[in-house]
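>>> Next input, structure requested:
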Amino acid sequence: MGSKERVERLKAEVHQHILDAAMDIIKNEGCQSLSLRKIADSIDYSAPIIYSYFLNKEAVLIELSKKGFVLLIDCVQQHLSGITDPRERMEAMLMAYLQFATDEDQLYQLMYTVGTGIDDVTKAFPALATFIGLFKTAIQDLNKSKPLTDEAFRCNYLICISFVHGLVALNRYHKDIDPATNSMVLKKGISGIISTIEHS
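Just a heads-up that it's a prediction; the model follows:
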């Protein structure tokens, strides 16, 4: 490996260390506690090193959110592996979405908080556009007899995401909801959503 490759690898490792440290702080202390200086202290780097990678705290949060959407897509695609039936695929996608939001609670909250200050989230987070594309294909497959208009897709996509997002929020509020209840609520909700999409 040449010196240029070693330098690039080292940069990538430092970049990842910074993001890992930032995520640890967010998980343990909350997003409001994050600062570049705190990141530097937690991994024994000087503040100027952190600033050479990220302009400010917001830049770190945006980068974490980008990675979050990539992880979300990975989770969804793993759940879709081997499933061909359109209804089962839609159910698997929404189940995967709930699982990711539950398992990565702090990251999930961050992804949807950071986006509120951005005019075009699909440009800021390219993986979000890919995620939306997965849903567009799944929704079209549920009703192949009709062409899917942009308006119909957006409406049905928002219904899907709003339902799971709401269930995630309720779980954060009502901490005594057990996994079996979540599964039952999700399955009933998904059944209704799929019927709506198929007849829209």
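
>>> what sits against the residue nearest the centre of the chain?
By Cα atoms, centre = their mean, the chain has its centre lying nearest to Phe69, at 3.8 Å. Neighbouring residues of Phe69 by Cβ atoms under 8 Å, 6 or more residues apart in numbering: 111, 125, 127-128, 130-131. For glycine as for every other residue, the C-beta is placed from the backbone atoms N, C-alpha and C.

>>> for the lengthiest helix in the chain, the distance to its chain's centre please.
Longest helix in the chain, counting residues (DSSP state H): helix 3-29. Per Cα atoms, centre = their mean, to the nearest Å, the displacement of helix 3-29 from the mean C-alpha position of its chain is 20 Å.

>>> ok, the residue nearest to the centre of the chain to Met90 distance?
Separation of Phe69 from Met90 (Cβ to Cβ, to the nearest Å): 19 Å.

>>> What is the burial count for Gly115?
Neighbours of Gly115 under the rule other Cβ atoms under 10 Å: 17.

>>> how far away is the nearest residue to it once chain neighbours are set aside from Phe153?
Spatial nearest neighbour of Gly115, excluding adjacent residues (Cβ to Cβ, 6 or more residues apart in numbering): Val121 at 4.5 Å. In this view, Val121 and Phe153 are 17 Å apart by Cβ to Cβ.

>>> And the next helix or strand past whichever strand or helix holds Lys66?
Using DSSP states H and E, Lys66 falls within helix 57-80. Once helix 57-80 ends, the next helix or strand along the chain (criterion: DSSP H and E) is helix 86-103.

>>> Next, the angle from that following helix to helix 57-80.
Counting by axes from the mean of the first three to the mean of the last three Cα atoms, to 10 degrees, helix 86-103 lies at 140 degrees to helix 57-80.

>>> Now find how far off-centre the helix or strand of the chain with the lowest mean pLDDT is within its chain.
Ranked by mean pLDDT, DSSP states H and E, the weakest helix or strand in the chain is helix 179-198, scoring a mean of 84. Relative to its chain's centre, helix 179-198 lies at 20 Å (Cα atoms, centre = their mean).

>>> what comes up buried for it?
Across helix 179-198, burial judged by 16 or more other Cβ atoms under 10 Å covers 182, 185-186, 189-190, 193-194, 197.

>>> count of residues packed around the residue nearest to Gly115?
That count, for Val121 with other Cβ under 10 Å as the rule, works out to 18.

>>> Show me the domain layout of the chain.
Domains of the chain are assigned by automatic domain parsing as 1-54, 63-198.
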